[in-house]
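Asks: Mind folding the following:
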Amino acid sequence: MAQRFLVRILIELARERGIAIHALSHGWILLLQRDGVTRRVFGYDFDLNDAVAQMLAKDKSATSLVLQFHNVPAVEHHFFLRPDVEDYVSERGNWAALQALAEAHDYQLVCKPNYGTSGQDVYRVRSARELEWVMQRLFQEYRAVAVAPYYEIPHEYRVLWCEDAPLLMYEKRRPEVVGDGVSPLGKLIAQAAYRWPSVQEALPELRRTYAEAWHRPLPKGQRRLLTWKHNLAAGAMPVLELPDEVRDTLARLARRAVEVLGLRVAAVDIVQTQEGEWKVLEVNSGIMMEYFVRRHPNGEAIARQVYATLLDLMFPQAVLRPSYLSGKERGRSL
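Replies: Below you'll find the model as predicted:
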């Protein structure tokens with residue numbers, strides 16, 4: 001099993017700070033100890049947020065409700081529970097409410113697990129048939145599903161927030177092909193599919209989207225996006241160079257989001273719609289940078305700085321010194 005970047009870098013950072021680090025469950029649980037103090041990292045969650053704030057952030061529909069209650073502009077996420085959970089689903093079931101929601105948005109929806117990351121099992125819906133198929137598929141795997149209106153989103157950003165300031169901001173720029181005036185669009189997309197596995201998965205949808213232009217040469221310089229998703233896991237690239245006015249807007253929205261959710265540390269996803277509206281899409285209590293490290297040329301050094309900041313927040317006033325462990329500790333520590 002490949003070791004996650006977070007585990008590897010925390011081992012290095014902990015040793016530099018004289019912190020003993022113990023890995024359980026293949027590194028998904030990390031116990032860090034120094035001077036009688038034990039801190040924990042579970043998955044990508046550092047024990048810097050309280051339990052309720054973490055639970056809110058991991059629940060997409062709950063995040064949406066709390067943000068809207070506090071007048072923070074956010075993408076609406078509606079909660080639907082699998083119908084076999086009899087104690088919590090009324091005899092009316094989900095379908096009437098789901099259909100009303102779909103009709104209100106002309107069946108332009110996004111359906112996803114209510115708890116999930118990296119764009120996994122996130123589907124765009126355009127018709128009643130697609131909605132029925134997607135919901136059946138999601139309910140086979142997940143207990144709860146979040147359904148959101150589909151927005152045309154030219155720009156999506158991530159803000160890594162720590163205490164009272166952003167640690168890192170970047171745009172998630174989606175993969176695209178650029179025409180050379182000779183090659184058919186379908187050929188350019190097929191070539192891109194060799195570079196991005198996520199494009200291979202999207203080929204059937206891309207053929208439908210670009211059906212009329214598939215066999216035609218793409219004019220020189222023209223661009224075609226290869227996915228509607230902005231996730232780095234789906235092939236998007238992190239772009240750190242942002243205009244000052246964009247950075248100001250992102251910082252203001254991210255600050256409001258973490259304040260109302262009660263988070264000290266978070267990854268806040270913010271979108272700008274085709275109409276120019278700014279909305280919080282999701283808030284993550286975990287700080288996952290695996291794909292950022294792979295996609296950005298300086299990703300490892302940047303991620304190391306982020307994780308060092310979080311580690312020093314867990315163990316304040318860190319003194320950099322060589323780590324010394326007894327023989328017994330060395331045998332069970334990393």
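
Asks: Going by C-alpha atoms from here, please, whenever you check contacts or count neighbours.
Replies: Noted.

Asks: which helices and strands sit right next to the host helix or strand of residue 188?
Replies: Assigned by DSSP states H and E, residue 188 belongs to helix 185-195. Packing partners of helix 185-195 (3 or more Cα pairs under 8 Å, 6 or more residues apart in numbering; DSSP states H and E): strand 176-178, helix 197-209.

Asks: Could you rerun that using 10 Å?
Replies: Judged by 3 or more Cα pairs under 10 Å, 6 or more residues apart in numbering; DSSP states H and E, the packing partners of helix 185-195 are strand 176-178, helix 197-209, strand 223-225.

Asks: Kindly reformat the ones you listed as TSV and extend each row with mean pLDDT, mean neighbour count and distance to residue 108.
Replies: Output for these, formatted as TSV (pLDDT from 0 to 100; neighbours: other Cα atoms under 10 Å; distance: least, Cα to Cα, whole Å):
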stretch	mean pLDDT	mean neighbour count	distance to residue 108
strand 176-178	91	17	23
helix 197-209	79	15	15
strand 223-225	89	15	19
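
Asks: Tabulate those (JSON lines), appending distance to residue 71.
Replies: Compiled in JSON lines, the helices and strands packed on helix 185-195 are given as follows (distance: least, Cα to Cα, whole Å):
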{"stretch": "strand 176-178", "distance to residue 71": "35"}
{"stretch": "helix 197-209", "distance to residue 71": "35"}
{"stretch": "strand 223-225", "distance to residue 71": "33"}
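
Asks: for those, which one sits closest to residue 314?
Replies: Closest of those to residue 314 is helix 197-209, at 36.1 Å (criterion: Cα to Cα).

Asks: Alpha carbons of the closest one, in CSV - could you do that?
Replies: Provided in CSV are the C-alpha atoms of helix 197-209 (Å, rounded to 0.1, in the frame of the first residue of the first chain):
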residue,chain,number,x,y,z
PRO,A,197,-7.6,8.9,-16.8
SER,A,198,-10.5,11.0,-15.8
VAL,A,199,-11.0,12.0,-19.4
GLN,A,200,-11.2,8.3,-20.4
GLU,A,201,-14.0,7.9,-17.9
ALA,A,202,-15.8,10.9,-19.4
LEU,A,203,-15.4,9.9,-23.1
PRO,A,204,-19.1,8.7,-23.5
GLU,A,205,-20.4,12.0,-22.1
LEU,A,206,-17.9,14.0,-24.2
ARG,A,207,-19.1,12.2,-27.3
ARG,A,208,-22.6,13.3,-26.5
THR,A,209,-21.7,16.8,-25.6
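
Asks: Run through who's touching that helix.
Replies: 175-176, 185-186, 189-194, 211, 213-214, 225-228, 233-236 (Cα atoms under 10 Å, 6 or more residues apart in numbering).

Asks: please redo it, this time with the cut-off set to 8 Å
Replies: Residues from elsewhere that reach helix 197-209 (Cα atoms under 8 Å, 6 or more residues apart in numbering): 186, 190, 192, 193, 194, 214, 226, 227, 233, 234, 235.

Asks: right, and the helices and strands packed on helix 185-195 - which one's nearest residue 10?
Replies: helix 197-209 (28.9 Å).

Asks: quick check: angle from that closest one to helix 185-195?
Replies: Following axes from the mean of the first three to the mean of the last three Cα atoms, to 10 degrees, one obtains 160 degrees for the angle between helix 197-209 and helix 185-195.

Asks: ok now helix 197-209, how far from the chain's centre?
Replies: What separates the centre of helix 197-209 from the centre of its chain is 21 Å, taken as Cα atoms, centre = their mean, to the nearest Å.

Asks: residue boundaries of the helices in the stretch 1-150 of the chain?
Replies: 5-16, 51-58, 60-69, 95-104, 128-141 (DSSP state H, counting those that start in this stretch).

Asks: From the contact counts, what lies against the longest one?
Replies: Helix 128-141 makes packing contacts with strand 109-113, strand 123-125, strand 144-149 when contacts are defined by 3+ Cα pairs under 8 Å, 6+ apart.

Asks: What strands flank the second one, and is each parallel or antiparallel?
Replies: Within its sheet, and counting by DSSP bridges, strand 123-125 is paired with strand 109-113 (antiparallel).

Asks: okay, the partner strand in CSV with CA atoms only?
Replies: In CSV, the C-alpha atoms belonging to strand 109-113 read as follows (Å, rounded to 0.1, in the frame of the first residue of the first chain):
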residue,chain,number,x,y,z
LEU,A,109,-29.0,19.0,-11.1
VAL,A,110,-25.9,17.6,-9.5
CYS,A,111,-26.3,14.5,-7.3
LYS,A,112,-23.5,13.4,-5.0
PRO,A,113,-22.9,11.5,-1.7
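
Asks: ok, residue 151 to residue 115 distance?
Replies: With the distance defined as Cα to Cα, to the nearest Å, residue 151 ends up 20 Å from residue 115.

Asks: Residue 198 too?
Replies: 21 Å.

Asks: With residue 308 instead?
Replies: On the measure of Cα to Cα, residue 308 and residue 115 end up 27 Å apart.
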